[in-house]
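Engineer: Next come a sequence and a model predicted from it.
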Amino acid sequence: MDRGLKRKCIQLASAVLYNANFAGFRDGALWQGGGKGVCVPGLNCYSCPGAVGSCPLGALQNALSRLPRKLPLYVGGFILLTGLALGRLVCGFLCPFGLIQELLHKLPGPKLGKSRWTRRLSLLKYVILALFVVAIPVYAAWAQGYPLPAFCKYICPAGTLEGGWPLALLRADIRGRLGGLFAWKSVLCILILLACVFCYRSFCRFLCPLGAIYSLFARFALLAMRVDKALCDNCGLCVKKCPVDVCHVGDRECVQCGACRAVCPKNAIYFGRERDP
Amino acid sequence: MRRKTALRLAVAAAGAAALVLGLAQGQYAETLSKAVYLCLECVGLG
């Protein structure tokens, strides 16, 4: 099987596994099982009627709002271990929202290429991480005494797409409470989804704070795309053909999709742990 | 390569220790209790 198709199958399988409470899509009731106490690696809203696990970003924001009484040890430990083992492999293989963005990009329309501007814009996700995932939740809990998961509340398109819209369709009690915030999140989600048609994985590249966290592990994640320096002739085709804003294979922007591997004329790119020199 | 291995071991140890300590502090139950109820912020209600 073609590597690209294999990756799509893994992405689809992870999306189905994360959202295996199929009855939830019929009656709008959230899964109540113990699995919800365990985070999934990718961005997947725990208020999706199908979700059987917890969203690491949502769990992190809520854990941070318990500072300084409690450190976010449980979810922090999970993210450290996941980042160490997989890094942004999670983005390329195990994120349902990443799959949705890739499928949207297959729709016909003009496609925006990468440039130094998109590379600069990719830094925005670190600002969103610092402000909306860390600073605002911590400040709100300290100053006002209640949790404010600011990324979930004001930005997260996965929450709107997987949680807000299906629940609004399925449950009259939720439809009756829709207001300005829902409208804001819906407009933002539509804009993000539209952007993905024209610009490959635009949410991952420019906005996703979970990708920003995992990108911090790029240098030492165990499983990643790597270059065999003995075979590489520095032709630069890998970076040129990469759909995201990498400067070299496996850097912080690399979502481990393997597009570089397919075009390398020297077969110098491989996936896995480092080979001994 | 040795530095990278040492860093990996340190991160793995820190991650495992944090996970176990978090579990001991009951943070699994806190995560569960947030995730099983509707998150009003996530769906855009509050």
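Structural biologist: Sure, I can see it.
Engineer: per-residue confidence at the residue nearest to A:M1 when sequence neighbours are not counted?
Structural biologist: Closest residue to A:M1 apart from its sequence neighbours, by C-beta to C-beta, 6 or more residues apart in numbering or on different chains: A:C9 at 7.8 Å. Bear in mind the C-beta positions are built from the backbone N, C-alpha and C, glycine included. We have a pLDDT of 97 for A:C9.
Engineer: Can you show me the CA trace of the lowest-mean-pLDDT helix or strand in chain A as CSV?
Structural biologist: Here the helix or strand of chain A ranked lowest by mean pLDDT, DSSP states H and E is strand A:269-272, holding a mean of 90. What follows is strand A:269-272, C-alpha atoms only, in CSV (Å, rounded to 0.1, in the frame of the first residue of the first chain):
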residue,chain,number,x,y,z
ILE,A,269,15.2,10.1,4.3
TYR,A,270,13.9,7.5,6.7
PHE,A,271,11.4,7.2,9.5
GLY,A,272,12.3,6.0,13.0
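Engineer: Phi and psi next, for A:S186.
Structural biologist: Dihedral pair for A:S186: phi -70, psi -40, per degrees, to the nearest 10.
Engineer: Domain map for chain A?
Structural biologist: A:3-215, A:224-272 (automatic domain parsing).
Engineer: Give the other helices and strands that the strand or helix carrying the residue nearest to A:M1 contacts.
Structural biologist: Per DSSP states H and E: A:C9 is located in helix A:3-18. Applying 3 or more C-beta pairs under 8 Å, 6 or more residues apart in numbering or on different chains; DSSP states H and E, we find helix A:3-18 packed against helix A:89-93, helix A:96-105, helix A:259-263.
Engineer: Show me what the second one is packed against.
Structural biologist: Counting by 3+ C-beta pairs under 8 Å, 6+ apart, the packing neighbours recorded for helix A:96-105 are helix A:3-18, helix A:157-158, helix A:180-198, helix A:202-206.
Engineer: near chain A, which residues of chain B?
Structural biologist: Residues of chain B found near chain A (C-beta under 8 Å from any C-beta of the partner chain) are B:1, B:4, B:7-8, B:11-12, B:14-23, B:25, B:27-32, B:34-39, B:41-46.
Engineer: just the helices in the stretch 51-200 of chain A please.
Structural biologist: Counting by DSSP state H, counting those that start in this stretch, the stretch 51-200 of chain A has helices at residues A:56-64, A:73-86, A:89-93, A:96-105, A:116-121, A:124-128, A:136-144, A:150-154, A:157-158, A:165-170, A:172-175, A:180-198.
Engineer: what stretches of chain B score poorly on pLDDT?
Structural biologist: Applying pLDDT under 70 to chain B picks out no residues at all.
Engineer: center of it - which residue?
Structural biologist: Geometric centre of chain B, nearest residue: B:L19, 6.2 Å, by C-alpha atoms, centre = their mean.
Engineer: how about the residue lying closest to it once chain neighbours are set aside, what does it touch?
Structural biologist: The shortest distance from B:L19 to any non-neighbouring residue, by C-beta to C-beta, 6+ apart, is to A:G77 (3.1 Å). Residues near A:G77 by C-beta atoms under 8 Å, 6 or more residues apart in numbering or on different chains: B:14-22.
Engineer: Brilliant, that's me finished.
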